[in-house]
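# Give me a model of this one.
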Amino acid sequence: MADAFADPSEIKGYHAHIYYDPQTRGSAERLRAGIAERFEARLGSWHDEPVGPHPVAMYQVAFAAEEFPALVPWLMLNRQGLDVLVHPLTDDSVADHTRFALWLGTALPLRIDVLRRGPR
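This next block holds a predicted model:
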């Protein structure tokens, strides 16, 4: 019988999407600086308009699986009231942003139709 469970070894890394609006951009800037000071992560560009599946302004934080146990709890405690999507990187972008997603704060309605569905 085939294993019906997803294999965590398929995770190639993680993204955290930090959502903000004009009133909370200062908080997003402070959070970004805190991440840069403390973690091995690649900080993506600021997107002041919706981009891809993301319905509001955001920037992306890309990090290795080894950073997850330190970075995600730090985000839980220090997200400055911002909404944050954390998802793995597998071969299925739809599942990554939906079934496999972790939300800190309020889950936002993503535009899933723009994502690539994997082989699952």
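# okay, and the helix or strand of the chain with the least pLDDT?
helix 93-97 (a mean of 94; mean pLDDT, DSSP states H and E).
# Mind giving me the packing neighbours of it?
strand 84-88 (3 or more Cβ pairs under 8 Å, 6 or more residues apart in numbering; DSSP states H and E). Any C-beta I mention is one placed from the backbone N, CA and C, and that applies to glycine too.
# Could you pull out the helices in this structure for me?
Assigned by DSSP state H, the helices in the chain fall at 25-38, 68-78, 93-97.
# Quick check: D96 vs H54, distance?
13 Å (Cβ to Cβ, to the nearest Å).
# What of D113?
Relative to H54, and taking Cβ to Cβ, D113 is found at 13 Å.
# Return the residues in contact with the spatially most central residue of the chain.
Compute the mean C-alpha point of the chain, and by Cα atoms, centre = their mean the closest residue is A16, 2.3 Å away. Going by Cβ atoms under 8 Å, 6 or more residues apart in numbering, A16 touches Q60, V61, F63, L71, V72, L75, V84, L85, V86.
# Go through those residues and name the one nearest K12.
Checking the contacts of A16 against K12 by Cβ to Cβ gives F63 as the nearest, at 11.3 Å.
# What residues sit buried inside the least confident helix or strand of the chain?
Applying a neighbour-count criterion of 16 or more other Cβ atoms under 10 Å, one finds S93, V94, A95, D96, H97 buried in helix 93-97.
# Can you get me a residue count around A6?
Counted by other Cβ atoms under 10 Å, the residues lying close to A6 total 15.
# Show the low-confidence segments of the chain, by residue range.
Residue ranges of the chain with pLDDT under 70: 1-3, 118-120.
# how does it look with 80?
For the chain, the stretches with pLDDT under 80 are 1-3, 116-120.
# Number of residues surrounding E49?
Using other Cβ under 10 Å, E49 is surrounded by 8 other residues.
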